[in-house]
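**Student:** how would this look folded up:
(2 chains)
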Amino acid sequence: SQQGEEDPQALSIQEGENATMNCSYKTSINNLQWYRQNSGRGLVHLILIRSNEREKHSGRLRVTLDTSKKSSSLLITASRAADTASYFCATDAYTGANSKLTFGKGITLSVRP
Amino acid sequence: SQTIHQWPATLVQPVGSPLSLECTVEGTSNPNLYWYRQAAGRGLQLLFYSVGIGQISSEVPQNLSASRPQDRQFILSSKKLLLSDSGFYLCAWSRGAPLSGYTFGSGTRLTVV
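**Tutor:** I've put the predicted structure just below:
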C-alpha cells in the first residue's frame, strides 16, 4: 500500500522559478526521502530527512518535515529545464535490516525553457 | 564505489512463459536488496526484500518469486507470466545502517503479450 501522497500530481513552471512539491503520509516514520526519476529510468536519491529534523538543504534543494502534520515539502529553487522529471517522496518506518521504503505516486514536474 | 547492475533493459515475453531478471551489486557487502514494480504512471510497489543470502520477504501475494543465491545477487522469477505482470521492474540496494538512501538500478521494462 502507498504511504506517501504527493501534491500536486503535475506541476509546470518557467525556468528560473521555484518549484514546491508536497507529500503527506499516514503512519509514524523514521525518515522521509525524496527521489527523482527521469522518463524510463531508475530513481535517483535526492535527500533524506530524519524524523527528528525539521529542515534540510542540499544545493538547490530544501526539504522540510512536519511530523505533527505528517507532511513534507521539497523546494527546488531557480529551476532548470534539466529538473524536468517525476519526483517521489518515500517513507521508512524503520532502519537497518528492517528498512523498507514506501513510495507515493509521484509528481510530474515540467520546467519550460 | 558501489554500482548496481540490472538486466535486461527491456523484455517482451508471451503469457505463460518463465521469467528471470537479475540484479547484482558491486562495491559493498551484505546490502539490503529490494525488488520494486512500477505500473505506468504509478508509484513504486515493493515486491520483495532481502537482508541476507537466502532471506526473502514477500510484500504482496503474486505470481512472482525472488531468490538471493549470493550476497550481492538478487533474482526475480516467475514460472508462468500473466498479462498483469507487465511493468517496470526496479532493483535497489541500501546499507540499512548507517542511515542512507536507496540506490536503484536502471530498470527492466517487461511487456507480457
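
**Student:** who does A:Cys23 bridge with?
**Tutor:** Beta bridges link A:Cys23 to A:Glu6, A:Ser72, judged by DSSP bridges.

**Student:** now find how far off-centre stretch A:68-76 is within its chain.
**Tutor:** Between the mean C-alpha point of stretch A:68-76 and the mean C-alpha point of its chain there is a distance of 8 Å (CA atoms, centre = their mean, to the nearest Å).

**Student:** what residue ranges in chain B score low on pLDDT?
**Tutor:** Counting by pLDDT under 70, the low-confidence segments of chain B come to B:97-98.

**Student:** got the residues of it near chain A?
**Tutor:** For chain B, the residues in contact with chain A (CB under 8 Å from any CB of the partner chain) are B:6, B:32, B:34, B:36, B:41-46, B:49, B:51, B:59, B:88, B:90, B:92, B:94, B:96-97, B:99-107, B:109. Glycine gets a C-beta too; all of them are placed from N, C-alpha and C.

**Student:** show the end-to-end separation of stretch A:60-71, please.
**Tutor:** From the first residue to the last, stretch A:60-71 extends over 20 Å; the measure is CA to CA, to the nearest Å.

**Student:** for stretch B:54-63, same thing?
**Tutor:** As for stretch B:54-63, its first-to-last residue distance stands at 19 Å under the measure CA to CA.

**Student:** now it, how far from the centre of its chain.
**Tutor:** Put simply, stretch B:54-63 sits 11 Å off its chain's centre (CA atoms, centre = their mean).

**Student:** again with stretch B:20-31
**Tutor:** Taking the mean of its C-alpha atoms, stretch B:20-31 sits 10 Å from the chain's own mean (CA atoms, centre = their mean).

**Student:** again with stretch A:83-93
**Tutor:** 4 Å.

**Student:** mean confidence score for that stretch?
**Tutor:** When pLDDT is averaged over stretch A:83-93, the result is 94.

**Student:** and that stretch, anywhere near chain B?
**Tutor:** Yes - Stretch A:83-93 reaches chain B (CB under 8 Å from any CB) through A:88, A:90.

**Student:** export that stretch to CSV, keeping only CA atoms.
**Tutor:** C-alpha atoms of stretch A:83-93 as CSV (Å, rounded to 0.1, in the frame of the first residue of the first chain):
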residue,chain,number,x,y,z
ASP,A,83,14.9,19.4,-13.5
THR,A,84,12.1,18.1,-15.6
ALA,A,85,11.3,14.7,-14.2
SER,A,86,9.0,12.8,-11.8
TYR,A,87,9.6,13.3,-8.1
PHE,A,88,8.7,10.8,-5.4
CYS,A,89,8.6,11.0,-1.7
ALA,A,90,9.2,7.8,0.2
THR,A,91,8.8,7.0,3.9
ASP,A,92,10.6,4.5,6.0
ALA,A,93,9.3,3.4,9.4
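
**Student:** so which residues make contact with that stretch?
**Tutor:** Contacts to stretch A:83-93, defined as CB atoms under 8 Å, 6 or more residues apart in numbering or on different chains, come from residues A:3-4, A:6, A:19, A:21, A:23, A:25, A:27-39, A:43, A:46, A:72, A:74, A:76, A:99-111, B:43-44.

**Student:** quick one: which of these sit in strands?
**Tutor:** Among the contacts of stretch A:83-93, the residues falling in strands (DSSP state E) are A:6, A:19, A:21, A:23, A:31-37, A:43, A:46, A:72, A:74, A:76, A:101-103, A:107-111, B:44.
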